[in-house]
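In: Here is my input, please return the structure:
(one chain, ligands or ions: 1)
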Amino acid sequence: MVQKVQKKSLIMSSQKVPSKLVSIIACKCPRCRQGKVFPYSSLNLIQFSKTNDNCPHCGLMFEHETGFFWGAMYVSYAFSTLIMIVFGVMGINLEWSFTKIVSILVPTILLLTPFLYRYSRILLLYFISPNRHFDEKYS
Ligand SMILES: [Zn+2]
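Out: Numbering: from 1, shown residues only. Next up, the predicted model:
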């Protein structure tokens with residue numbers, strides 16, 4: 001009986017709190033997994049870079065020290081490098097000219113800029129920053 005209740009409560013709690021992967025994809029707070037890190041949609045090309053100072057759900061301060069998000073620049077650089085390597089290898093295998101590779105690569109990276117920007121910050125928040133772990137009491 002106790003096991004049934006525990007199993008049911010685990011199922012219920014797992015339904016309420018999204019998984020870490022879902023929270024990362026949805027750009028949610030790493031501590032409560034409920035509040036949005038970014039107030040606007042990534043398709044809003046004017047304000048896609050605006051980041052909430054604090055989580056609207058639990059109040060976690062996202063930029064806990066000045067210049068914290070400068071580290072996201074390195075993550076974004078890694079993303080861009082990975083994309084360039086993929087396009088480079090693909091272009092070499094398909095025997096594309098250098099001009100064709102660059103003319104496809106540059107617009108692709110420009111179109112992905114809002115997503116690269118956001119997910120580099122999210123990955124920084126989830127995996128690189130200290131003391132930013134999920135805490136069930138905030139969800
Ligand atoms: Zn939060």
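In: which residues are there in the protein that come within reach of the ion?
Out: Applying C-beta under 5 Å from the ion, we find that the chain lies next to the ion at 29, 31-32, 35, 55, 57-58, 60. For the C-beta atoms, the positions are set from N, CA and C on the backbone; glycine is no exception.
In: which one among those gets closest to residue 113?
Out: Comparing those against residue 113 with C-beta to C-beta places residue 29 closest, at 23.0 Å.
In: any idea how far the closest one lies from residue 89?
Out: Look at residue 29 and residue 89: by C-beta to C-beta, to the nearest Å, they are 36 Å apart.
In: Compare neighbour counts for those two and give me the winner.
Out: Counted by other C-beta atoms under 10 Å, residue 29 and residue 89 do not tie: residue 29 has more neighbours, with 27 against 10.
In: Quick one: residues contacting the more buried one.
Out: Applying C-beta atoms under 8 Å, 6 or more residues apart in numbering to residue 29 gives the contacts 23, 35-37, 55, 57-58, 60, 62.
In: Residue 96 now?
Out: By C-beta under 8 Å, 6+ apart, the contact set of residue 96 is 90, 104.
In: Can you tell me which helices and strands the top helix by length along the chain packs against?
Out: Secondary structure of the chain read by DSSP state H shows that its longest helix is helix 98-123. Counting contacts by 3 or more C-beta pairs under 8 Å, 6 or more residues apart in numbering; DSSP states H and E, helix 98-123 is packed against helix 20-25, helix 72-93.
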